[in-house]
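Undergrad: Sequence unavailable; structure follows:
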């Protein structure tokens, strides 16, 4: 089963990269339509709290937390694509870590920590069953701040994972997919799980609208 999933995921690598790249302008523009409400203010307060707490956090602890999130996300996507995880190890000097799994693997396992907010995802799964309280929005904001900081600190030219999937692919895929995941978390915070699908449809609609306008403009010129 894992071998079949690897083939499918590796096959859609470049079509998906082009799709996300095409969506990127609409994803940027979509942020201006986000609803500003009490939930949003509380959510942003959670993000701000993370920023302040980071300044008081020991550098070693901060790095260890980032490495843990990184390796757990690798492992989550390995399991998601039917690979058995053999081990997760953290370097004693906090310089990084590694995880091992059975099978060949795929690019999604490699690149997942650079866009997927694992702790936000787990928290949303739990939060969906809890009664509505503003404190949940605050905590979700804190987790998103943590995710953004982790991704920002780990995307650099010397990162071996990025070399494995290719810098060209990363340039096409990572900016847009990060906007999509961040936007999805914000939309969920404001309006719940059902709004996330509407957000995807809205971004696709904006993209089609852009291409229609470009086609019309080119038609009038030529």
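TA: Right, received. Where do you want to start? A quick note: this is a predicted structure, and the numbers were derived from the prediction, not measured.

Undergrad: Every contact and neighbour count from this point should use C-alpha atoms.
TA: Noted.

Undergrad: got a list of what residue 114 touches?
TA: 151, 154, 155, 174 (Cα atoms under 8 Å, 6 or more residues apart in numbering).

Undergrad: And the helix or strand hosting residue 29, what's buried?
TA: Assigned by DSSP states H and E, residue 29 belongs to helix 13-30. By 16 or more other Cα atoms under 10 Å, the buried positions in helix 13-30 come out as 13, 17, 20, 21, 22, 23, 24, 26, 27, 30.

Undergrad: Which residues outside it are in contact with it?
TA: Here helix 13-30 has contacts from 107, 169, 172-173, 175-177, 179-180, 183, 203-204, 206-207, using Cα under 8 Å, 6+ apart.

Undergrad: Widest-spaced pair of the residues you listed?
TA: 107 and 206 (28.4 Å; Cα to Cα).

Undergrad: Give the buried residues for the longest helix seen in the chain.
TA: Taking DSSP state H as the criterion, the chain has its longest helix at helix 193-221. Using 16+ other Cα under 10 Å as the test for burial, helix 193-221 gives 193, 196, 199, 203, 204, 206, 207.

Undergrad: Relative to the whole chain's centre, how far out is it?
TA: 22 Å (Cα atoms, centre = their mean, to the nearest Å).

Undergrad: So which elements touch it?
TA: Other helices and strands packing on helix 193-221, by 3 or more Cα pairs under 8 Å, 6 or more residues apart in numbering; DSSP states H and E, are helix 13-30, helix 167-191.

Undergrad: Run through the neighbouring helices and strands of the last one.
TA: Translated: helix 167-191. Short answer (3+ Cα pairs under 8 Å, 6+ apart): helix 167-191 packs on helix 13-30, helix 38-56, helix 134-154, helix 193-221.

Undergrad: Which of these sits closest to residue 68?
TA: That would be helix 134-154 among those, by Cα to Cα, at 10.4 Å.

Undergrad: Sort out which residues of that closest one are buried, please.
TA: 134, 136-148, 150-151, 154.

Undergrad: I would like the residues contacting that helix, please.
TA: The contact list for helix 134-154 (Cα under 8 Å, 6+ apart) reads 39-40, 42-51, 66, 113-115, 117, 119-120, 123-124, 127, 182, 185, 189.

Undergrad: How much space separates residue 158 from residue 165?
TA: In this view, residue 158 and residue 165 are 13 Å apart by Cα to Cα, to the nearest Å.
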